[in-house]
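Novice: Prediction below, plus the sequence it came from.
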Amino acid sequence: MLKDFKTFLLRGNVVDLAVAVVIGSAFGTVVTAMVKDLITPLIAAIGGKPNFGGLKFTVNNSEFLYGEFLNQLIAFLIIAAVVFFFVVQPMNHLIKLANRRAAKGETEEVAKDPQLIVLEEIRDSLRKGGKR
């Protein structure tokens, strides 16, 4: 059972996912700080309110703090825009190009490493019985 667990953990997908979560978390922290320290004060300066975090309203002695919600909403929109414009759009463009090439019957030639070419020639020669 421990061997299966080790195999599961060492799969490429699990490691890639773990890296993505850590990087995503760090990116979220950076964007949140940017929104809180740069964008919110800029918007607040234009709107006349110095800090969104202090925005609130009261109903029956209950305070509703909606300022921090606005900060988080702005951070979410920035993260969503970055993911859309720098990940989703380029991937959609690449998929569209690949589909267009496939429809035309074109195949993308990949430049082979010279060492790989030599190894393939050796392999083919050995298959033929060593005759060239």
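Specialist: In hand now; what should we look at?
Novice: where do the strands sit along this structure?
Specialist: In the chain, the strands defined using DSSP state E lie at 56-59, 62-65.
Novice: Of those strands, which is nearest K3?
Specialist: strand 62-65 (51.2 Å; Cβ to Cβ). C-betas here are computed from N, CA, C, even on glycine.
Novice: The strands of the chain into a markdown table, with extra columns for mean neighbour count and mean pLDDT?
Specialist: Shown next, in a markdown table, are the strands of the chain (neighbours: other Cβ atoms under 10 Å; pLDDT from 0 to 100):
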| stretch | mean neighbour count | mean pLDDT |
| --- | --- | --- |
| strand 56-59 | 9 | 88 |
| strand 62-65 | 10 | 88 |
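Novice: looking at those strands, which is closest to V82?
Specialist: Across the strands of the chain, closest to V82 is strand 62-65 (Cβ to Cβ), at 26.7 Å.
Novice: Neighbouring strands - and their directions - for that closest one?
Specialist: Neighbouring strands of strand 62-65 in its sheet, by DSSP bridges, are strand 56-59 (antiparallel).
Novice: Alpha carbons only: can I get the partner strand in PDB?
Specialist: Taking Å, rounded to 0.1, in the frame of the first residue of the first chain, the C-alpha atoms of strand 56-59 are listed here in PDB:
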ATOM      1  CA  LYS A  56     -19.600  50.000   5.800                       C
ATOM      2  CA  PHE A  57     -23.300  50.500   6.400                       C
ATOM      3  CA  THR A  58     -25.400  49.800   9.500                       C
ATOM      4  CA  VAL A  59     -28.800  48.200   9.800                       C
END
